[in-house]
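can't give you the sequence, but here's the structure:
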């Protein structure tokens with residue numbers, strides 16, 4: 001019964017979308033029903049490190065699924081999708097104890113702003129998970145640990161096709177060939193950790209929290 005109910009709801013939703021595009025109600029129902037039948041014939045398993053751009057995995061819009069099962073579901077750009085928070089707001093977050101932030105210094109704290117935008121440090125990538133993402137984007141055969149650099153002299157280059165699809169989920173889109181991603185790890189009130197992804201290597205960094213050039217990548221565990 002649940003499957004039949006879900007199929008009916010799916011057809012109704014698809015019909016509404018089709019009508020909004022110019023189909024008549026009758027035409028929309030027919031097309032949506034056909035789509036539902038075809039979709040029922042094929043299932044796509046969620047493999048580790050398989051890209052799932054704009055596809056649903058267990059109800060979550062999963063851009064990339066990491067080896068530990070974490071699902072990257074949002075890529076946020078500084079000053080476009082997330083804003084820095086000031087020292088007062090940061091200190092209040094520390095007192096509230098909800099986001100996992102431990103200390104504050106800057107009046108424009110982009111690392112803390114990224115934490116807030118994702119919903120807490122438990123919704124951001126750890127340094128180890130950033131290593132997993134790097135292994136995926138560089139087609140790395142081994143494990144890239146939290147504080148491991150991988151340079152071109154090791155024979156690994158950024159897979160531009162994977163990187164473009166990954167970044168397509170952010171307003172930067174395919175224009176970025178090099179990018180930084182904040183981690184959930186706070187060093188102190190001045191620094192947070194991040195990983196740098198570039199064409200010929202990937203490197204971990206300790207970054208000033210006031211820097212406004214780092215992406216916030218959020219996950220659903």
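Cool, the structure landed. Note that the structure is a prediction, hence the values are computed from the model and not measured.

Over to the closest residue to residue 221 other than its chain neighbours: give its phi and psi.
Counting by CB to CB, 6 or more residues apart in numbering, residue 221 lies nearest to residue 70, which is 5.5 Å off, once chain neighbours are set aside. C-beta here means a position set from N, CA and C on the backbone, and glycine is covered the same way. The phi/psi pair for residue 70 (degrees, to the nearest 10) reads phi -70, psi 140.

Tell me the spacing between residue 70 and residue 187.
Distance, residue 70 to residue 187, using CB to CB, to the nearest Å: 22 Å.

what about those two, which has more around it?
Higher neighbour count among residue 70 and residue 187: residue 70, with 19 against 14, using other CB atoms under 10 Å.

Domain ranges for this protein, per the record?
Using automatic domain parsing, the domains assigned to the chain come out as 2-41, 60-220.

pLDDT averaged over the first one - what is it?
Averaging pLDDT along domain 2-41 yields 38.

Could you do stretch 209-219 as well?
For stretch 209-219, the mean confidence score works out to 95.

same thing with stretch 154-161?
Mean predicted confidence for stretch 154-161 is 83.

Stretch 187-200 too?
94.

what residues does it touch?
103-106, 111, 127, 130-131, 133-134, 137, 151-152, 157-158, 160, 163, 177-183, 185-186, 202-209, 214 (CB atoms under 8 Å, 6 or more residues apart in numbering).

Show me which of the residues you listed are buried.
104-106, 111, 127, 130-131, 133-134, 137, 158, 163, 179-183, 185-186, 202-205, 207, 209, 214 (16 or more other CB atoms under 10 Å).

Once you drop chain neighbours, what's closest to residue 195?
Per CB to CB, 6+ apart, closest to residue 195 is residue 130, 4.2 Å.

pretty sure the one you found is in a helix, no?
Yes: Residue 130: assigned to a helix according to DSSP: H, G, I helix; E, B strand; the rest coil.

Do you know the pLDDT at it?
97.

Quick check: it touching residue 184?
No: assessed by CB atoms under 8 Å, residue 130 is found out of contact with residue 184, at 9.3 Å.

Spit out the contact partners of the residue nearest to residue 221.
So residue 70 contacts 125, 129, 219, 220, 221 (CB under 8 Å, 6+ apart).

Reformat these into JSON lines and put neighbour count and secondary structure next to each item.
Shown next, in JSON lines, are the contacts of residue 70 (neighbours: other CB atoms under 10 Å; DSSP: H, G, I helix; E, B strand; the rest coil):
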{"residue": "125", "neighbour count": "26", "secondary structure": "coil"}
{"residue": "129", "neighbour count": "22", "secondary structure": "helix"}
{"residue": "219", "neighbour count": "26", "secondary structure": "strand"}
{"residue": "220", "neighbour count": "17", "secondary structure": "strand"}
{"residue": "221", "neighbour count": "9", "secondary structure": "coil"}
